[in-house]
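Enquirer: What shape does this take:
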Amino acid sequence: MSDGPGYVPPRIWSWNKESGGRFANINRPVAGPTHEKELPVGRHPLQLYSLATPNGQKVTILLEELLAAGHAGAEYDAWLIRIGDGDQFGSGFVKVNPNSKIPALLDRSGPEPVRVFESGAILLHLAEKFGAFLPAGPARAECLSWLFWQMGSAPYVGGGFGHFYAYAPVKIEYAIDRFTMEAKRLLDVLDRRLGESAYLAGDEYSIADIACWPWYGGLVKGWLYGAAEFIDAGSYRNVLRWADEIWARPAVKRGRMVNRVNGEASEQLWERHDAADFETLTQDKVPGG
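Expert: Numbers count the residues shown, from 1 in each chain. Now for the predicted structure:
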């Protein structure tokens with residue numbers, strides 16, 4: 001791997017398996033499965049295959065919010081996909097999400113199972129299915145605009161800022177400066193909007209907030225990349241107010257636990273198959289857990 005100013009890209013790029021840093025064992029330039037492995041299926045109509053990254057948290061937070069709002073049909077099984085071990089490249093997972101990224105949802109409530117992948121698509125599918133957390137009228141367009149804003153901005157925050165600040169095998173000043181500038185610009189966009197209204201779509205908490213909170217709430221709260229001080233999180237007062245208000249919701253706390261495998265044991269719920277699992281913690285039921 002060459003990172004110096006004298007590096008000249010070759011005419012045709014070739015894959016160097018050693019150049020991926022901490023992600024070298026799972027990154028590759030082709031799609032498709034690497035091994036045969038069927039996915040487990042539980043008893044609920046909704047089968048979620050995920051990990052509690054910010055993108056994974058979006059879906060489990062919405063599902064817990066739906067259940068808290070009385071939508072019994074939102075009961076779900078959440079199965080752990082360990083992306084560091086390459087579970088996302090199993091044949092069963094690739095059938096549900098050909099892009100091999102978490103989260104992936106299999107909705108078995110109808111005559112035929114329906115696969116839904118990409119976190120934003122899953123949020124929209126569930127919100128429309130249950131008629132909840134998606135406002136009507138002009139606020140709907142505002143909600144969807146912020147939902148897709150988040151989907152477009154996440155690569156700058158995660159793959160850009162987060163990767164080069166926290167994960168890259170070498171610290172590259174240009175890359176860190178470039179993506180920090182963009183991450184802070186996005187935080188400013190969000191802060192200005194939240195100075196105008198309580199939530200992103202207006203006065204109503206919606207899937208737009210649920211999509212943005214794990215990323216931007218996590219960033220200003222210091223949960224992502226340990227970068228709160230570096231980005232001067234305290235200067236985004238409206239984002240902090242919004243982040244704290246959402247974090248106070250019990251369903252958000254539960255949703256953030258599901259498929260979580262790091263942090264304090266009390267914050268982890270490796271798999272979720274029933275509401276009672278929050279009391280018993282499913283890692284206690286897993287051999288070697």
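Enquirer: contacts, neighbours, all on C-alpha from now
Expert: Will do.
Enquirer: show me where pLDDT drops low in the stretch 151-289 of the chain?
Expert: For the stretch 151-289 of the chain, the stretches with pLDDT under 70 are 281-289.
Enquirer: Next: the stretch 1-150 of the chain.
Expert: For the stretch 1-150 of the chain, the ranges with pLDDT under 70 are 1-5, 19-20.
Enquirer: Where do the helices of it begin and end?
Expert: For the stretch 1-150 of the chain, the helices defined by DSSP state H, counting those that start in this stretch occupy 54-68, 91-96, 119-130, 138-155.
Enquirer: For those, give me TSV that also has mean neighbour count and distance to residue 268.
Expert: Output for the helices of the stretch 1-150 of the chain, formatted as TSV (neighbours: other Cα atoms under 10 Å; distance: least, Cα to Cα, whole Å):
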stretch	mean neighbour count	distance to residue 268
helix 54-68	24	12
helix 91-96	21	23
helix 119-130	18	21
helix 138-155	17	24
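Enquirer: Save the ones you listed as JSON lines, and put in distance to residue 77 too.
Expert: Output for the helices of the stretch 1-150 of the chain, formatted as JSON lines (distance: least, Cα to Cα, whole Å):
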{"stretch": "helix 54-68", "distance to residue 77": "10"}
{"stretch": "helix 91-96", "distance to residue 77": "15"}
{"stretch": "helix 119-130", "distance to residue 77": "15"}
{"stretch": "helix 138-155", "distance to residue 77": "25"}
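Enquirer: Looking at these, which is nearest to residue 22?
Expert: For these, proximity to residue 22 was assessed by Cα to Cα; helix 138-155 is nearest, at 18.1 Å.
Enquirer: Distance check, residue 129 against residue 196.
Expert: 30 Å (Cα to Cα, to the nearest Å).
Enquirer: how many neighbours does the closest residue to residue 150 other than its chain neighbours have?
Expert: Leaving out its chain neighbours, the residue that sits closest to residue 150 by Cα to Cα, 6 or more residues apart in numbering is residue 212, at 5.9 Å. Applying other Cα atoms under 10 Å, we find 25 residues neighbouring residue 212.
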